[in-house]
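*Asks:* got a sequence here, can you model it:
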Amino acid sequence: MVGRVIIPLKSVDGCPVGVILLDVIVPSNTRSSKWSLCLRKTIKVGMLIVKSSPDFVRETGYERAAGAIPLAVDAMRRDHLVDDYNFSFYVKFSECNERLSAGSAVSLIRDDKVDVIFGPTCSTPAITVGTIAAYYNTPIYLWGLVTSHQLADSVKFPTATRMSADSADLAEAFLAFMKHHNYDQFAFVYMITAQEKCKYIESTS
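*Replies:* Numbering: from 1, shown residues only. Coordinates of the predicted model:
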C-alpha cells in the first residue's frame with residue numbers, strides 16, 4: 001500500500017495553494033487576495049491509474065499520464081474557469097485490476113471523500129467501479145483503454161462519462177468506412193491480451 005504524503009506546494013499569506021499528494025503536483029499561479037484564497041472550495045479528485053503493470057503502463061501509466069494534470073489546471077486557471085476553486089488529487093494505483101480498483105474506489109469515496117473519480121482505464125474494472133460510483137452517486141470519468149459499450153447505459157451507470165470511443169462507436173465508424181468504399185467483406189484479425197479491447201469489440205451487438 002502506498003503511503004500518502006501531503007505537503008503544501010505554495011503558501012500565499014499563510015494559505016496553502018495547491019498540494020502534493022502521492023507525488024502528484026498541483027501548481028496554482030494565482031494573484032487572488034488572502035481571503036479569497038482561504039475561502040475557495042477545494043474539489044477533491046480521485047484517480048485510479050496504473051503505475052507498474054507491464055500490460056497497461058505504456059498506454060495509461062502514471063508516469064506518462066500524470067503530467068497532464070498540472071497542464072490542465074494551468075489551462076483552466078488561464079481561462080478563469082475555476083477561479084473559485086482549488087484542487088486536491090488522491091491517487092490510487094489500481095493497476096487495471098478489478099478487485100483492487102473496486103476497493104480503491106470505495107476508499108476514495110468513503111475515506112477520502114472525493115468529489116469525482118478519473119479511471120479506471122480498462123473496461124472490466126471500469127464496469128465494476130461504475131456500479132460502485134452509481135451507488136454512491138459519485139461522478140466518474142472513464143478514459144484510456146475503456147471500450148465496453150455496457151458503460152453507455154445511462155440507467156445502469158448514471159454517473160459515468162466516457163472520454164474515449166467505445167466498441168459500438170468503433171463498429172459504427174468501421175461500418176461507415178465499409179459502406180463508403182462499397183466493401184462487402186472484411187477480415188477481423190485480433191489477439192488475446194490482458195487489455196481485453198478485442199473482447200468488448202467482439203461482443204458489441
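*Asks:* for Phe174, give me its contacts.
*Replies:* Phe186 (Cβ atoms under 8 Å, 6 or more residues apart in numbering). Quick note: C-beta positions are derived from backbone N, CA and C, even for glycine.
*Asks:* likewise for Asp166?
*Replies:* Val146, Thr147, Ser148, His149, Leu151, Ala152, Tyr200.
*Asks:* per-residue pLDDT, Ser123?
*Replies:* Confidence at Ser123, expressed as pLDDT, is 91.
*Asks:* same question for Leu9.
*Replies:* Looking at Leu9, its pLDDT is 45.
*Asks:* which residues sit against whatever helix or strand Ala126 lives in?
*Replies:* Using DSSP states H and E, Ala126 sits within helix 123-136. Helix 123-136 has contacts (Cβ under 8 Å, 6+ apart) with 48, 94, 96-98, 100-102, 105-106, 109-110, 117, 119-120, 139-140, 142, 145-148, 150-151, 156-160, 196-197, 199-200.
*Asks:* list buried residues within the residues you listed.
*Replies:* 48, 94, 96-98, 100-102, 105, 109, 117, 119-120, 140, 142, 145-148, 150-151, 157, 159-160, 196-197, 199-200 (16 or more other Cβ atoms under 10 Å).
*Asks:* how close does Glu95 get to Leu48?
*Replies:* Relative to Leu48, Glu95 is positioned 9 Å away (Cβ to Cβ, to the nearest Å).
*Asks:* which residues are in contact with the residue positioned nearest the centre of the chain?
*Replies:* In the chain, the residue lying closest to the centroid (Cα atoms, centre = their mean) is Phe118, at 2.4 Å. By Cβ under 8 Å, 6+ apart, Phe118 lies in contact with Val45, Gly46, Met47, Leu48, Ile49, Ile140, Tyr141, Trp143.
*Asks:* all helices of the protein, in order?
*Replies:* 34-39, 57-60, 62-65, 68-78, 98-110, 123-136, 167-180, 197-202 (DSSP state H).
*Asks:* for Asn97, see how far away Gly103 is.
*Replies:* Gly103 is 9 Å from Asn97, by Cβ to Cβ.
*Asks:* any residues in contact with both of those two?
*Replies:* Joint contacts of Gly103 and Asn97 (Cβ under 8 Å, 6+ apart) do not exist.
*Asks:* with adjacent residues omitted, what lies nearest to Leu48?
*Replies:* Gly119 (3.4 Å; Cβ to Cβ, 6 or more residues apart in numbering).
*Asks:* settle this for me: Gln82 is touching Met76, isn't it.
*Replies:* That one is not Gln; residue 82 is Val. Yes: look at Val82 against Met76 with Cβ atoms under 8 Å: they come within range, at 4.7 Å.
*Asks:* hmm, back to that, got the CA coordinates for the helix holding Ala126 in PDB?
*Replies:* The C-alpha trace of helix 123-136 is given here as PDB (Å, rounded to 0.1, in the frame of the first residue of the first chain):
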ATOM      1  CA  SER A 123     -13.100  -1.900 -19.300                       C
ATOM      2  CA  THR A 124     -13.500  -4.700 -16.800                       C
ATOM      3  CA  PRO A 125     -12.600  -2.700 -13.700                       C
ATOM      4  CA  ALA A 126     -14.400   0.300 -15.100                       C
ATOM      5  CA  ILE A 127     -17.700  -1.600 -15.200                       C
ATOM      6  CA  THR A 128     -17.200  -2.600 -11.500                       C
ATOM      7  CA  VAL A 129     -16.200   0.900 -10.400                       C
ATOM      8  CA  GLY A 130     -19.000   2.400 -12.500                       C
ATOM      9  CA  THR A 131     -21.500   0.400 -10.500                       C
ATOM     10  CA  ILE A 132     -19.900   1.500  -7.200                       C
ATOM     11  CA  ALA A 133     -19.900   5.100  -8.300                       C
ATOM     12  CA  ALA A 134     -23.600   4.900  -9.200                       C
ATOM     13  CA  TYR A 135     -24.400   3.600  -5.700                       C
ATOM     14  CA  TYR A 136     -22.600   6.500  -4.100                       C
END
